[in-house]
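Chemist: could you look at this predicted model? Sequence included:
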Amino acid sequence: MSRYMAARIISMIPTLLGVITLVFVIMRLVPGTIVDRILSQGDAPEEVQRSLRAFFGLDRPLWVQYVDYLYGLARLDLGVSWRARFPTVELIAGALPITLQLAVMAAVISMTVGVLFGTLSATAENTLPDHVIRVISLFSLSIPVFWQSTMLILVLSLALHWAPLGYVSPLTDLKANLLQMMLPAVCLGTSAAASVMRMTRSCVLDVLRQDFVRTARAKGVRERTVVWRHALRNALIPIVTILGLQFGSLLGGSVIVESVFGLPGLGSLMLDAIGARDYPVVQGTVVVTALAFISVNLLVDLLYGYLDPRIKYA
């Protein structure tokens with residue numbers, strides 16, 4: 001196990017390096033720089049433009065900027081925000097807990113709804129409940145998250161005169177925090193639950209057709225025990241895989257939901273930084289998101305051994 005973990009951790013290095021290189025190059029291929037944003041009100045003398053480019057280090061060759069950034073990362077230094085003039089680490093540290101809370105709440109909703117209704121759909125194959133659940137899952141997959149978020153805010157504001165916008169820290173008011181975070185979590189969670197639901201149905205159906213399930217039924221084991229203890233547990237590996245991938249996607253894919261609900265999370269921070277061409281913040285948020293995504297995948301791989309004792313880590 002320790003050798004496997006060490007090998008996986010080492011394999012994370014080239015993956016992170018590839019992500020860092022990709023975002024570094026893409027940001028510099030996007031038209032406009034922070035100098036253009038600062039001087040957008042009108043033309044400025046050439047001396048001013050050169051001075052600003054030198055101040056932000058944009059006058060140096062691209063490979064020099066890249067090497068300097070890698071050197072900073074090696075010292076765990078993500079740089080200083082060009083727009084806010086604060087260390088990027090502090091900005092990310094302030095926004096990351098909000099995105100983590102949103103991702104965890106959405107993942108819990110996705111897992112609960114997806115596994116529960118997927119299992120019910122599998123046990124009621126080709127009946128009315130099965131058809132209804134499958135239609136709902138297709139409907140949920142088809143609705144864009146931003147449209148669902150906007151419609152929920154519209155309905156709540158018109159019907160209940162309540163619009164859960166903004167953010168309150170749980171340390172300040174836990175109840176208000178949960179009320180504000182529940183709606184965006186539901187939007188993200190129900191959208192993700194559709195794919196979990198379909199995967200659960202497919203995997204449970206496959207297990208229910210195997211010989212050991214028929215043997216358990218022939219021995220008189222209760223149907224509830226057959227489904228939830230035998231069938232579902234043996235179908236968990238692909239379900240856990242998609243849940244792990246979804247959690248990583250929720251961390252990096254909550255940009256739209258955070259923007260709609262006015263949450264100052266990692267997604268909103270990245271979106272504002274992209275608009276301002278704040279390279280250090282964009283690169284820092286991508287690095288943190290990629291690291292979280294890879295770490296979740298590692299935890300999922302390690303969980304396989306617990307779910308299926310036949311799996312051995314060489």
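Modeler: Arrived safely, thanks for sending. Numbers count the residues shown, from 1 in each chain.
Chemist: how many residues are close by Ala193?
Modeler: 29 (other CB atoms under 10 Å). Where you see a C-beta, it was placed from the backbone N, CA and C, and this is true even at glycine.
Chemist: pull out the buried residues from the host helix or strand of it.
Modeler: Assigning secondary structure by DSSP states H and E places Ala193 in helix 174-208. Neighbour counts over helix 174-208 (16 or more other CB atoms under 10 Å) mark 177, 180-181, 183-201, 203-205, 207-208 as buried.
Chemist: that helix: what's the following helix or strand?
Modeler: That would be, after helix 174-208 and using DSSP H and E, helix 211-218.
Chemist: for that next one, which helices and strands make contact with it?
Modeler: On a contact count with 3 or more CB pairs under 8 Å, 6 or more residues apart in numbering; DSSP states H and E, helix 211-218 meets no helix or strand.
Chemist: let's see 10 Å
Modeler: Helix 211-218 sits against helix 174-208, helix 223-225, with contacts defined as 3 or more CB pairs under 10 Å, 6 or more residues apart in numbering; DSSP states H and E.
Chemist: quick one on the thing from earlier: what packs against the helix holding Ala193?
Modeler: When contacts are defined as 3+ CB pairs under 10 Å, 6+ apart, helix 174-208 sits against helix 88-123, helix 128-142, helix 145-159, helix 211-218, helix 232-234, helix 236-252, helix 255-261.
Chemist: which other helices and strands does the last one contact?
Modeler: Contact analysis of helix 255-261 by 3+ CB pairs under 10 Å, 6+ apart lists helix 88-123, helix 145-159, helix 174-208, helix 266-276 as its packing neighbours.
Chemist: quickly, which of those helices bottoms out on average pLDDT?
Modeler: Ranked by mean pLDDT, the helices and strands packed on helix 255-261 end with helix 145-159 in last place, scoring a mean of 79.
Chemist: angle of that one against helix 128-142?
Modeler: 100 degrees (axes from the mean of the first three to the mean of the last three CA atoms, to 10 degrees).
Chemist: buried stuff in helix 145-159?
Modeler: With burial defined by 16+ other CB under 10 Å, the residues of helix 145-159 counted as buried are Val145, Gln148, Ser149, Leu152, Ile153.
Chemist: same thing with stretch 285-294?
Modeler: For stretch 285-294, a neighbour-count test (16+ other CB under 10 Å) marks Thr285, Val286, Val287, Val288, Thr289, Ala290, Ala292, Phe293, Ile294 as buried.
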